[in-house]
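S.K.: structure, please.
(2 chains)
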Amino acid sequence: MTITRTFLASFTVSLISLASISTQAQDLTHKAPPQNHPIAIIGATIHTISGDNYSNSFVTFDQGIITAVGQDNSADSFKPAPGMQIIKASGLHVYPGLIGAITGTGLIEIAAVRSTRDRDEVGQFTPEVRASVAINPDSTVIPVTRSAGILTVGVIPTGGTIPGRASIIRMDGWTTEDLAIKPDAGLVINWPSVRPVHDWWMNRTESEQKKQIKERLAKINTFFDAAELYALARKADPATPIDIRYQSMLNILPGADSQNPVFINANDIDQITSAVTWAIGRKLQPVIVGGRDAPQAATLLIEHDVPVIITGTHRFPKRADSPYDEAFTLPLRLQNAGIRWCLASGERTAHERGLRHSAATAAAYGLDPALALKSITLWAAQILNIDETLGSIEPGKAATLIVTTGNPLQITTHINHALIDGKYIDLSNKQTKLNEKYRERYRQLNMLPDNN
Amino acid sequence: MKTRLPSYCSLLIALFAFNSILFAQPTSDSPLASPENGPRHNDPSWHALINTTVHVSPGEVLEHATVVMRDGIIVSVLAGQPGGVPPAAPAGAQLHNASGLHIYPGLIDAWVPVDADTPYSDHLTQHWNSKVHPSRSALLGAGLDKTKAQSLRKMGFVAAAIAPRDGIFKGTSAIISLSDPAETSSAQAPVIYKDRAYHALAFERGSRSPSLDQAYPSSLMGAIALVRQTLMDAQWQARAHGRNPQLPQNALDTLTDSTGAKLPLVFDVKNELEVLRATEIGKETSRSVIILGSGMEFRRLDAIAQTNTPIILPLRFPAKPDVSTVGRADAVDLRTLMTWEQAPTNPYRLIDAGLTVAITTGKLPKKQSFMDNLRRAIKVGLSEPDALAMLTITPAEMLGIDETLGTVEVNKAASLVVADGPLFDKDTKIRDVWIQGRRYEINPAPGPKLDGAWTLRVGENFSMALVFDGNTIKTQEEETKGKARKVKLDANTVSFLIDDEDDSKGSYTLSGVFTNNKLIGTGISPDGHSFQWTATRDQPIVAADKNTADQNIDEADNDDLPPEDLPGYPFGPYASPSIPEQQTVIFTNATIWTSSPDNIINNDWIVIEEGKIIALGTGPIDVMTKHDPVTIDLNGAHITPGLIDAHSHTGLFAAGVNEGTQASTAEVRIADDIDPDHINWYRQLAGGITTVNSLHGSANPVGGQSQTHKVRWGVSNPNDMRFQNAKPGIKFALGENVKQSNWGSRFTTRYPQTRMGVESFYLDRFTAARAYAKARAEYEDIVQSIRRLRITTQEQNKRIATLDEPRRDLELDILAQILSGDRLIHCHSYRQDEILMLARVAQSFGFKIGTFQHILEGYKVADIIKETAIGASSFSDWWAYKFEVVDAIPYNGAIMHDVGVVVSFNSDSDELARRMNSEAAKAVAYGGLNPSEALKFVTINPAIQLGIDKSAGSLEVGKDADLAIWSGDPLSTLSRCTATWIDGREYFSLQRDAAFRQQITAERQRIIQKLLAQKKPTKSDSDDEDKETEPESNDDKTPEQYFIADQVRKTMMQRYLNNQPTDSLDCSQCDTNLSIINH
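M.R.: Model prediction:
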């Protein structure tokens, strides 16, 4: 595969600069400049996700937007437009950029170092905080994660009952504002355990727990009641003093112009049932996150069209006697039950690049591989409400794409190119640089050949 | 220090004095008796229980018998004449008509915990570890609480072995009678049958101490090491005393003095696995061992039966699981359900297994449940004679007091139970307990039964119908029905109130006495007039309907007996009655990844027999097998060697992964902590894992000894999982964890706190080990030279005994093995500087390192690793979880490999361990290795690193038949493991798994239905227990309540309170110190 620049010399210069950037640690790397000329990727198989796959085809884009997708064998007859950059990719595959629906990208740099953690704000109810303002655009995690093909991520705060608001970002940008696709993408709620727990670590009696469960649910209701009353009061009298907590919740409440979802973390059947009935009762737009026991609540979820974001397949089964592959087959079981779902990696922040692997495991355990891919692209976009621009390869959508050596579900598949809104992304990162640096050490010691 | 001793010595003398006056009630002969205050009391103590049923010993019953007791001793036990005439009682004895009653030997409780004082509180004589105080005596200190003694008497107990609570070496137990000291003068304190009966021990770990440094041991393996070292120290010290009697005494002497050396060690175990560990210690140190059980022994019956160790058994049965809603039932796992169902069968199963078993009332959350639980045990299979033996003669023999107690026989103590029916019947009440000829009334003989319909008359004009039913009296005057209030029934008197229904003036008070078959009494009317009344019985009531109802319940319960057959091992889901058969198999049409120099073979065959690979190849199969082979056509599926995980903590969670309390804990053995029942073993089998290196955590520079295990799911004895002839190993660790960098601000004082100090620590320990090894070797040389002398063995022993023997140190023993090359270091390491440091330390002491583990900066110093270690075992792509891994790169494995290091990828996570095949694929993804080389990262390379490559790690003739079968290319994320074989046995296959799933579903439903059928509400059980827990149940914390687990508990509670998932705990996933201590 080669990248050839044709027609305009000035573009060639910019390409050279692209190629020479990569001698520094990634967080020192320049960000990609905006797409300022049309680009065509030709000769590859285009996996549109929303529709068919087209082999030996092409996709073109300009100013960050996909302009055309070819049919089977359309590459040979492709006529580049004037000034168009050509990426020759025969034998390669083009997919929409992968989407990590639930991550901590940029909020946690090194988990064990407190000063690098910005994910848990103090307090049980902190709807006023939102992820996007604290995402470090120079985090070393971003280039490493995107080199695995993940070009869009949802970033959610954690901790407490309402930890804050989720943001959706693109994996390239100079500032947090450059990164943000949707700075305010919905409210995160961690649903409490609603049945008494008898696990060995529990040091409260059943009656204490029941009392506490009641109190915690009551607190959630009180908080939402207050938010609704606040919304009413503000509507009736704009001079009503502002409370930034409730102000932050206006767009998830019923009657909002474009109602944002609430992402409710809930895993067991009692939690899911309780969370869904609560949210529907309040006319919210719930999305269940986790959803371990969601198949048991299938009828309820379908009745209210509540989607589920599975947080990874690489998890233990719930009980010792559960099937060993219980978490591996959760996607398949949701699919068979007719529940809308998508997949997040569920890994710790720096390891969220494992998303493809997580999806592949679902496929290894029975899910149609094409659906496994869909669950980390188009379906994720739909559930995050960004499918107007992302998640599939269609004219009019963002040119956020990866060019690969094969099926992204295979770990051994290499991501050769990535484009975010048509911007050509440098896939090198701190890790590739260290690889280079230390191979040089062994070449100097004559322990590696010059070409290794 | 010598000046301290007299007080303790005099105490011992006092104890022996007690010993010698066992039965003669102390008189003025006793040097301990206080002067009498007033005339001497000489009440005759001479009693005859006449015409009674005597249960002389289990199974031996005399009818119409007479038991005569004089001065606290049984003087005769005679059966009645034919025809039911009881033998005559001696004139002069107080006669007790006991007809219709049952006499049993007094019951004996072999374990009753008490608080005891700790002698030797000065630092010269006390042991360094605050949990080691073998010199404590149960007789010194608060002793047995009076109400506790009373509650035991009420259940029929006459004697108890009281044992000090708390600690690892808790002290010695004493056997005392349960008479009430308050009823006697001070000289007549409770009789002490034995002042020292056994040494009480437990594998106690952790402490509430805020400092981890003082919490040694925090793990089971640490407790075991401390017990072993202490017993060896005591023996070594006793030998030293033999050479030099002038040596000062200290806290350990009680373990080896003339009495103490013979006493059994009673280990209070927390679970069934600890039984095996305690027994091993007994064998190693030549001490007899008795187990104070957990009640869960049935879950590991075969291995426990093989130890043939006597057991003191609590009757603790788990609370009913709550399955009352869909969600709650969903939260209960099958093992919990099965344990609930089978726990009452524990006593009879242990008896059937041929073990000596006594029963204790200990470890019960509610003492009242003792008899109920015993009856449950009897209902599910324990015979009544066995039950009686477990409470009488068996504990008497176990404790060495069977000459005095345990049966109703002449010359034994007059300590008996008198019951109004067979002892274990539900309605039986204990009337009296006799202790040393002294009677304690427990339940007075009931008065006359007044039940029935009566007519009450006052004068000639007034009459009223009364119906007595137990404690209630219904009244009827003409048409008016009522109920008497404040009914009091006593031996033969009755009193009650009858309200004046007519004019509401008030109540009549009536009192009467039963005489001449009628009630004669007096009463006072509401207006104060006194009157006389009589009542006569018209007919007795037959409570027919009530009895039938009871019977129905019993019958219904009988249908619900737990299954006779246990599931096999492990107790719980995925169990088989026996481990899978070893088979002779020809696998054909396979794609074979040999991980040998042959690499991949296509479309070919492999033959296994008697646990070994006997042939493999291409083309026609021409192999002679001893047995008829099974041919399995794989249709092109892939076979690889069984995968090997060089870094595992599976099955270590409950007992402790780390003994991280001291900077070096080389003395601990991870094998002591292994739980072979953990479900994650099975889950890893389902990912093709056949062998793991079970490692200690990384909390300290020198961790514990590692153990290579094969994943032989379903063993009864965990030792059977060990990989035979694997090279011994030990865990070392460097960097942040051992410096306690991420442990929180409290942990700043343990040396080392810097990487500089880590080096110094190693230099010092290895220097110490070298000196130690030299001293031991010199001593052994002299011993050997004496052995070669042509003198009698006795004479040899004598000479050897005069040698100054260097003290054996379990920590230095192990460090010396590293120096001699007999044990490999597996060292947790990250940064290049520390890797180089350890490499140079090893070189300077002349040994080769086994593996560097994790080794995420190994790519920076691969040349050093190649030179100084067998290999490097890395994570495939972990990074950024703590500061020392900021430079971790997924290319690490490939670079080291390219430079010539033997590289493996490991999991360090029970969850990740389920897909080591795709971990290997990351060496292809990052670094471009060819696939067969990448697969070696999880097959032959870890085998080389663990010193097991002669028998595992590749598919070659003569090697163990350990293999995994895959639906497709093993490096593909879209393939899955379809079968896993170990030693030529199919431990996992999709078919076996499918059958298991069916069984599990059926078994869950069977037990859940059983629970749902029970009428009593299930949910209150646990709450009740919370409320009524007695203080002694502090001795009875579940293993999870110890230190390390406390940290996890905190984490889990925190997660719970933060509304985070708590369902699947993997240490690698909990954001605590713990995870960091592990990797």
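S.K.: contacts only, for residue 69.
M.R.: Defaulting to chain A. Counting by C-beta atoms under 8 Å, 6 or more residues apart in numbering or on different chains, residue A:69 touches A:46, A:48, A:54, A:57, A:58, A:59, A:393, A:394, A:395. Backbone N, C-alpha and C define where each C-beta goes, glycine included.
S.K.: try chain B instead
M.R.: Applying C-beta under 8 Å, 6+ apart, we find residue B:69 in contact with B:45, B:46, B:47, B:48, B:49, B:75, B:414, B:416, B:434, B:437.
S.K.: how does it look with 7 Å?
M.R.: If you count contacts by C-beta atoms under 7 Å, 6 or more residues apart in numbering or on different chains, residue B:69 has them with B:47, B:75, B:414, B:437.
S.K.: okay, and which of those map to strands?
M.R.: Using DSSP state E, B:47, B:75 are the members of the contacts of residue B:69 that sit in strands.
S.K.: Three-state assignment for residue A:416, please.
M.R.: Secondary structure assignment for residue A:416 (DSSP: H, G, I helix; E, B strand; the rest coil): strand.
S.K.: read off the pLDDT value for the closest residue in space to it that isn't next to it in sequence.
M.R.: Nearest residue to residue A:416, sequence neighbours excluded (C-beta to C-beta, 6 or more residues apart in numbering or on different chains): residue A:403, at 5.0 Å. The model reports residue A:403 with a pLDDT of 98.
S.K.: what about residue A:403, neighbour count?
M.R.: If you count neighbours by other C-beta atoms under 10 Å in any protein chain shown, residue A:403 ends up with 21.
S.K.: ok, the one 5 residues further on next?
M.R.: Other residues near residue A:408 come to 26 when the count uses other C-beta under 10 Å.
S.K.: got a list of what it touches?
M.R.: A:95, A:98, A:149, A:356, A:373.
S.K.: and what of residue B:42?
M.R.: If a contact means C-beta under 7 Å, 6+ apart, then residue B:42 has no contacts.
S.K.: just to be sure, it is in a helix?
M.R.: No. Membership of residue B:42 in a helix is not supported by three-state DSSP, which gives coil.
S.K.: ok, it to chain A distance?
M.R.: Noted for residue B:42: a distance of 56 Å to chain A, by C-beta to the nearest C-beta, to the nearest Å.
S.K.: how about residue B:828?
M.R.: From residue B:828 to chain A the distance is 15 Å (C-beta to the nearest C-beta).
S.K.: can you tell me which of the contacts of residue A:69 are buried?
M.R.: A:46, A:48, A:54, A:57, A:58, A:59, A:393, A:394 (16 or more other C-beta atoms under 10 Å in any protein chain shown).
S.K.: mind listing the helices for the stretch 201-350 of chain B?
M.R.: With helices called from DSSP state H, counting those that start in this stretch, the stretch 201-350 of chain B shows them at B:220-243, B:272-285, B:301-307, B:326-330, B:334-342, B:346-352.
S.K.: relative to residue A:282, which of these is closest?
M.R.: Closest to residue A:282 of the helices of the stretch 201-350 of chain B is helix B:326-330 (C-beta to C-beta; 22.1 Å).
S.K.: what's in contact with that closest one?
M.R.: Residues contacting helix B:326-330 (C-beta under 7 Å, 6+ apart): A:195, A:268, A:269, A:270, B:322, B:323, B:1008.
S.K.: any idea which helix or strand carries the last one?
M.R.: Just to be clear, that refers to residue B:1008. Residue B:1008 belongs to helix B:990-1013 when assigned by DSSP states H and E.
S.K.: give me the neighbour count for residue B:879.
M.R.: A total of 22 residues lie near residue B:879 under the criterion other C-beta under 10 Å.
S.K.: revised request: answer the last question for residue A:116.
M.R.: Residue A:116: 15 surrounding residues under other C-beta under 10 Å.
S.K.: endpoints of stretch B:801-820, how far apart?
M.R.: 28 Å (C-alpha to C-alpha, to the nearest Å).
S.K.: what's the average pLDDT for that stretch?
M.R.: The average pLDDT within stretch B:801-820 is 96.
S.K.: hang on, the earlier thing: could I get the helices of the stretch 201-350 of chain B as a markdown table with mean neighbour count and mean pLDDT?
M.R.: A markdown table is the format used below for the helices of the stretch 201-350 of chain B (neighbours: other C-beta atoms under 10 Å in any protein chain shown; pLDDT from 0 to 100):
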| stretch | mean neighbour count | mean pLDDT |
| --- | --- | --- |
| helix B:220-243 | 21 | 95 |
| helix B:272-285 | 20 | 97 |
| helix B:301-307 | 18 | 96 |
| helix B:326-330 | 17 | 94 |
| helix B:334-342 | 22 | 96 |
| helix B:346-352 | 22 | 98 |
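S.K.: could you dump the ones you listed to a markdown table with distance to residue A:120?
M.R.: Converted to a markdown table, those look like this (distance: least, C-beta to C-beta, whole Å):
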| stretch | distance to residue A:120 |
| --- | --- |
| helix B:220-243 | 34 |
| helix B:272-285 | 38 |
| helix B:301-307 | 46 |
| helix B:326-330 | 28 |
| helix B:334-342 | 33 |
| helix B:346-352 | 46 |
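S.K.: for residue 299, give me its contacts.
M.R.: In the absence of a named chain, chain A is used. Residues near residue A:299 by C-beta under 7 Å, 6+ apart: none.
S.K.: the chain in question should be chain B.
M.R.: With C-beta under 7 Å, 6+ apart, residue B:299 has these contacts: B:272, B:571.
S.K.: need the pLDDT of it.
M.R.: We note a pLDDT of 97 for residue B:299 in this prediction.
S.K.: how about low-confidence regions in the stretch 951-1079 of chain B?
M.R.: Scanning the stretch 951-1079 of chain B for pLDDT under 70 picks out B:1015-1049, B:1061-1079.
S.K.: also chain B?
M.R.: B:1-30, B:120-121, B:123, B:181-190, B:207-214, B:501-504, B:541-559, B:603, B:1015-1049, B:1061-1079.
S.K.: list the buried residues for the longest helix along it?
M.R.: Looking across chain B with DSSP state H, the single longest helix is helix B:755-787. For helix B:755-787, the neighbour count (16+ other C-beta under 10 Å) marks B:755, B:757-759, B:761-762, B:765-766, B:768-770, B:772-773, B:776, B:786 as buried.
S.K.: for stretch B:383-401, same thing?
M.R.: Neighbour-count burial for stretch B:383-401, counted by 16+ other C-beta under 10 Å, picks out B:384, B:386-401.
S.K.: do the same with stretch B:620-635
M.R.: Counting neighbours by 16+ other C-beta under 10 Å, stretch B:620-635 gives B:621, B:629, B:632, B:634 as buried.
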